[in-house]
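K.L.:
let's see this in three dimensions:
(chains A, B, C and D)
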There are 2 protein chains.
Amino acid sequence: MELNQHAEKLANLTFSLLANCQEKEIRLAEIHGLTQAEFRCLRLFGSDETVNNKKIAERMNLSPSRLTRIIDGLVKKEYILREIDPNDRRNMRVTLSSKGQSLVKQLNKAYVDIHREILKDIDPDQHEPLTTALEHLLEALEKWLEKS
Amino acid sequence: MELNQHAEKLANLTFSLLANCQEKEIRLAEIHGLTQAEFRCLRLFGSDETVNNKKIAERMNLSPSRLTRIIDGLVKKEYILREIDPNDRRNMRVTLSSKGQSLVKQLNKAYVDIHREILKDIDPDQHEPLTTALEHLLEALEKWLEKS
DNA sequence: ATTAATAATTGTTCTTATCAAAAATCGTTA
DNA sequence: TAACGATTTTTGATAAGAACAATTATTAAT
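P.N.:
Numbering: from 1, shown residues only, chains lettered A, B, ... in the order given. Take a look at the predicted model:
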């Protein structure tokens, strides 16, 4: 009864949130002259991390071949560097260029700024419960995805 | 200080939630033999609503021409009916077939079921704060999108 | 009665993404 | 050490997703 109503409300909320978050990502990517895929790819880089093509593909849930082209674009735009891994010449060592690093830093900052603005519209007493509840939600969601 | 940390945490959370929710939608669509677009389209139908092509396109943030093809698919799969609006013969009256209605009902039920399962993993005391906080988050997000 | 405006469709084109095949390299084992 | 199998990336072909422009059918307005 209570549970059902909350479940229903939660379902509608996540549905709307999903749509709005997607819209937000599109806007942010546009602002920086990147495609959504490029934006997501950069966003998944730790600022001074070195990974190979396949790892990124797994993180992004895309095929390696798709990743090759996305990285092609980011290399052409000079946001990332791609060189053969000397330890295993089958691998590509993909890293952020300095230009890429500063953009990622800027993107992360903008991303956090937006959420700070959003938090400003919410009663500070609710900040803590909001984040912890969302953590639980994420955890539960991941668990559901695993078993299905 | 406090605000910054919460903003950062919230940014990471919504980022991960977005990815997981997208994955969840993909899974659900697959289960029912629908494309993501078709799934989203059906999900946007009130169970006994009648709308025209353009309205749906606006709701889904897609072009009318794209919508024509999506609806083509759903008509072929016999989930919806499409007929000329007698009041204004330029319009198409798009409605759910009985088959479509039961599917939508089923989809909604499954959607709520998932969230009920998720809520089961969360302390009941947190259900109320979670939903209200999410409502605020959604509101604030919409406000941000409007002004940008 | 003609012109302007609106809704849907069709054809074309671009982007996004996958798959299969090829090329390069590595590890293992006969 | 030569050969075979496995792995990583890339390339080419192809399918699906989406937008845009042009077309058709209809309505509204002057």
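K.L.:
secondary structure element for A:L81?
P.N.:
Element membership for A:L81, per DSSP states H and E: strand A:80-84.
K.L.:
would that strand count as contacting DNA strand D?
P.N.:
Yes. Using CB under 7 Å from any atom of the strand, we find that strand A:80-84 touches DNA strand D at A:R82. In short, each C-beta sits where N, CA and C put it, glycine included.
K.L.:
buried sites along that strand?
P.N.:
For strand A:80-84, burial by neighbour count (16 or more other CB atoms under 10 Å in any protein chain shown) applies to A:I80, A:L81.
K.L.:
after that strand comes which helix or strand?
P.N.:
Following strand A:80-84 in sequence, per DSSP H and E, is strand A:92-96.
K.L.:
rounded mean pLDDT for that following strand, please.
P.N.:
Throughout strand A:92-96, pLDDT has a mean value of 97.
K.L.:
how far off strand A:80-84 does it point, in degrees?
P.N.:
Strand A:92-96 and strand A:80-84 are oriented at 160 degrees to each other (axes from the mean of the first three to the mean of the last three CA atoms, to 10 degrees).
K.L.:
and strand A:92-96, what does it pack onto?
P.N.:
helix A:53-60, strand A:80-84 (3 or more CB pairs under 8 Å, 6 or more residues apart in numbering or on different chains; DSSP states H and E).
K.L.:
try 6 Å this time
P.N.:
Strand A:92-96 sits against strand A:80-84, with contacts defined as 3 or more CB pairs under 6 Å, 6 or more residues apart in numbering or on different chains; DSSP states H and E.
K.L.:
and the strand it packs on, how far out from the chain middle?
P.N.:
21 Å (CA atoms, centre = their mean, to the nearest Å).
K.L.:
with just CA atoms, put that strand into PDB.
P.N.:
Once non-C-alpha atoms are left out, strand A:80-84 reads as follows in PDB (Å, rounded to 0.1, in the frame of the first residue of the first chain):
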ATOM      1  CA  ILE A  80      43.800  13.100 -26.600                       C
ATOM      2  CA  LEU A  81      47.000  11.300 -27.600                       C
ATOM      3  CA  ARG A  82      47.200   7.800 -29.000                       C
ATOM      4  CA  GLU A  83      50.500   5.800 -29.200                       C
ATOM      5  CA  ILE A  84      51.500   2.200 -29.300                       C
END
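K.L.:
hmm, the lengthiest helix in chain A touching chain B?
P.N.:
Secondary structure assigned by DSSP state H gives helix A:2-31 as the longest helix of chain A. Yes. Residues of helix A:2-31 contacting chain B under CB under 6 Å from any CB of the partner chain: A:6-11, A:13, A:16-18, A:20-21, A:23.
K.L.:
fine by me, thanks again.
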